[in-house]
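Q: Mind folding the following:
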Amino acid sequence: MPGNYLENNSKPLKIVYLLPGGIYSPGGTDRITILKANYFSEVMGYDITIVTTEQMGRPVFFPLSEKVRQCHLDIGIHINFGKENYIQKCISRFLKTRQYRRELKKLLYSLKPDITVSTLGLDIDFLNSFDDGSIKIGELHFPGNFRQQMARKLSDAFIPNLVAKIRTQNMKRACKQLSRLVVLTNEEKECWADSRNIEVIPNALSYYPPSVSTCKNRKAIAVGRLAYEKGFDMLIDSWKKVHERFPDWELNIFGGGDQRENLQNQIIANNLDGVVHLHEPVKDILDRYLEHSMFLFPSRYLEALPMVLLEAESCGLPLAAFDAPCGPKDIIAEEKNGFLIKTGDIDALSEKICTLIESDELRKTMGSAAREHSLLYNEEAVMKQWITLFNSLLGR
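A: Numbers count the residues shown, from 1 in each chain. All right, here's what the predicted structure looks like:
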C-alpha cells in the first residue's frame, strides 16, 4: 500500500466529498462514497467530511464510520422535483444554487481541506472559482452526457433539451479545469479523449463473500431503482417469453422508485403475478444474491460501472445484461462470465436467459468465471489507486 499520509505529516489528510443529494438512499454513488469515507477514515486515518444538500433529517442508509463528519446543508434543491412547471423549476434552481454556492464556499474556507471531491452535481459549475486552497477533483458516476439523457427522458420540448445541452457543455469545460477527473471505465475515458486530466479508477467491492451461489435454485434476480432508465419494463416483457418455456422459474426484482405501480400493473397484465416479484430495497442484498442462479441487468442507459454487476459476480452468479454505456462492456466477457445483449433487444435477452436456464453446468462455469473476475475490484486494490492519486496530487 502507498505510504500513509500521516507518516510524514503531523496533520491527517483532509478530504471533503460533495454529494448532489444525500446519503439516505441505497444508490450506488451513496454506497461508494460511504465505502471510501469509511476506509480512508478508519484505515488511513484521514479527516473525512461528507457534504450533502438533500438529507433533510433522513437517516443514513449504509453504515457510516463515526469518524466521518457529516455536513447536511439541507438546501432542498430537488425537494419539489416533479411538482413545478419549467419556469418555476428554473427560478427555484437558480435561487437555491446561489444559496448552495454561498454556503459551500463558507464551509470550505472554514474546513480548509487538502482535497475537495465533487461528484459533479451543481457544485461543478462554480467549484473551480473557490480559492480555498484545496485541490479540486471530480468523480463521474454517470456517462458524461447524463444531463441530456435525463432531459430527453423528461421532455421532448426544445428549451429544456437545449438547456441540458448547454449545461453539459459547461460541465465538460469545468471538468477540464479540475486537477483530475476520475471516470470508472475505459469506455467512458474514450469519451474524454480531448482532456488530459482523466484517470480511470473503478468502484470497489466492499466484500468478497466466503460462499457462492449453487446456481441451482430456479430463481433469477435483478436489482436497481425502479426507474425508466433501468429497463425493468423490458425485463418483464422478456420474462413473459421465458415463462412460456420455463414456468417453474421465477424473477425477483429488488428496488424502489417511481415506476413500481406501472411495473406491477405490467406484471399483472402479462399474467406473471406470482412469478415476477417486486421487493423493496434491502441492506442484506448479499444474502439475496446467494439464493439466486443468475443476475439480469436490463438498463437502457445512465450506467457507469454498476455496483450490482460486481456484487453479483462476487457471489458467483452468471450475468446477462444489455450493453448500455458504459459499465457492462468493461465487466462482461461474452460467453465467459455472462452475455451482453444489444440494448432493447427483448427477444435476445429472453433467449440468453433461457440458454442459462437450460444448462446447470453453464451457469456454474460462468458463475465461477464471474467470481474470479470480481477480484479485480477488491477494496484494497482500488483504494490503493486512490491513495496513489492523492499522494501524487499533493507532491508526495
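
Q: count of neighbours near Tyr24?
A: The local packing of Tyr24 (other C-beta atoms under 10 Å) involves 18 other residues. Placement of C-beta: from N, CA and C, glycine included.

Q: Could you chop the chain up by domain?
A: Following automatic domain parsing, the chain resolves into domains at 5-203+378-393, 219-377.

Q: same question for stretch 255-270, mean pLDDT?
A: The pLDDT scores in stretch 255-270 average 96.

Q: For the domains of the chain, give me a markdown table that also has distance to Ser213.
A: Below are the domains of the chain laid out as a markdown table (distance: least, C-beta to C-beta, whole Å):
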| stretch | distance to Ser213 |
| --- | --- |
| domain 5-203+378-393 | 19 |
| domain 219-377 | 5 |
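
Q: winner for burial among the ones you listed?
A: Across those, averaging neighbours per residue (mean count of other C-beta atoms under 10 Å) puts domain 219-377 on top, at a mean of 20.

Q: isn't Gly27 right up against Arg225?
A: Yes - counting by C-beta atoms under 8 Å, Gly27 touches Arg225, with 7.2 Å between them.

Q: Quickly, which of the domains of the chain bottoms out on average pLDDT?
A: Of all those, domain 5-203+378-393 has the smallest average pLDDT, which comes to a mean of 89.

Q: hey, where'd the strands end up in the chain?
A: 14-18, 47-52, 69-72, 115-118, 135-140, 180-183, 198-200, 219-223, 250-254, 276-279, 295-297, 319-322, 338-341 (DSSP state E).

Q: contacting residues around the first one?
A: Read it as strand 14-18. Applying C-beta atoms under 8 Å, 6 or more residues apart in numbering, the contact partners of strand 14-18 are 33, 36-37, 40, 46-51, 104, 108, 111-119, 121, 123, 127, 134, 390.

Q: same question, stretch 176-193
A: With C-beta under 8 Å, 6+ apart as the criterion, stretch 176-193 contacts 118, 128, 135-141, 143-144, 175, 195, 197-203, 304-305, 325-327, 329-330, 389, 393.

Q: and what of stretch 19-32?
A: Outside of stretch 19-32, the residues within contact range by C-beta under 8 Å, 6+ apart are 33-34, 50-56, 58-62, 64, 70, 72, 77-78, 119-123, 141, 203-204, 206, 225, 256, 281, 283, 306-308.

Q: how about Val60, what does it touch?
A: Ile23, Tyr24, Ile34, Gln70.

Q: Take these and keep only those in helices.
A: Ile34 (DSSP state H).

Q: which residues in the stretch 51-200 of the chain form helices?
A: Ranges of helices within the stretch 51-200 of the chain are 86-111, 146-154, 158-177, 186-189, based on DSSP state H, counting those that start in this stretch.

Q: can I get those helices in CSV with distance to Leu349?
A: Shown next, in CSV, are the helices of the stretch 51-200 of the chain (distance: least, C-beta to C-beta, whole Å):
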stretch, distance to Leu349
helix 86-111, 36
helix 146-154, 21
helix 158-177, 29
helix 186-189, 21
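
Q: Relative to Ile346, which of these is closest?
A: helix 146-154 (19.4 Å; C-beta to C-beta).

Q: just to revisit the earlier point, of all the strands of the chain, which one is nearest Lys83?
A: strand 47-52 (20.8 Å).

Q: what sits up against the closest one?
A: Here strand 47-52 makes contact (C-beta under 8 Å, 6+ apart) with 11-19, 21-23, 33-34, 37, 40-41, 64, 67-74, 104, 107, 111, 113.

Q: Then stretch 226-237?
A: Contacts of stretch 226-237 (C-beta under 8 Å, 6+ apart): 149, 153, 222, 224, 251, 253, 255-260, 262-263, 266-267, 270, 272, 276, 278, 296, 298-302, 322, 324, 344, 346, 349.

Q: Just the CA coordinates for it, please, in PDB.
A: Extracted as PDB, the C-alpha positions of stretch 226-237 are listed here (Å, rounded to 0.1, in the frame of the first residue of the first chain):
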ATOM      1  CA  LEU A 226     -37.500   1.200 -10.400                       C
ATOM      2  CA  ALA A 227     -37.000   3.900 -13.000                       C
ATOM      3  CA  TYR A 228     -37.400   4.100 -16.700                       C
ATOM      4  CA  GLU A 229     -33.700   4.100 -17.500                       C
ATOM      5  CA  LYS A 230     -33.200   0.800 -15.600                       C
ATOM      6  CA  GLY A 231     -35.300  -1.000 -18.200                       C
ATOM      7  CA  PHE A 232     -37.300  -3.300 -15.800                       C
ATOM      8  CA  ASP A 233     -40.300  -3.000 -18.100                       C
ATOM      9  CA  MET A 234     -38.200  -4.600 -20.900                       C
ATOM     10  CA  LEU A 235     -37.100  -7.400 -18.500                       C
ATOM     11  CA  ILE A 236     -40.700  -8.200 -17.600                       C
ATOM     12  CA  ASP A 237     -41.700  -8.400 -21.300                       C
END
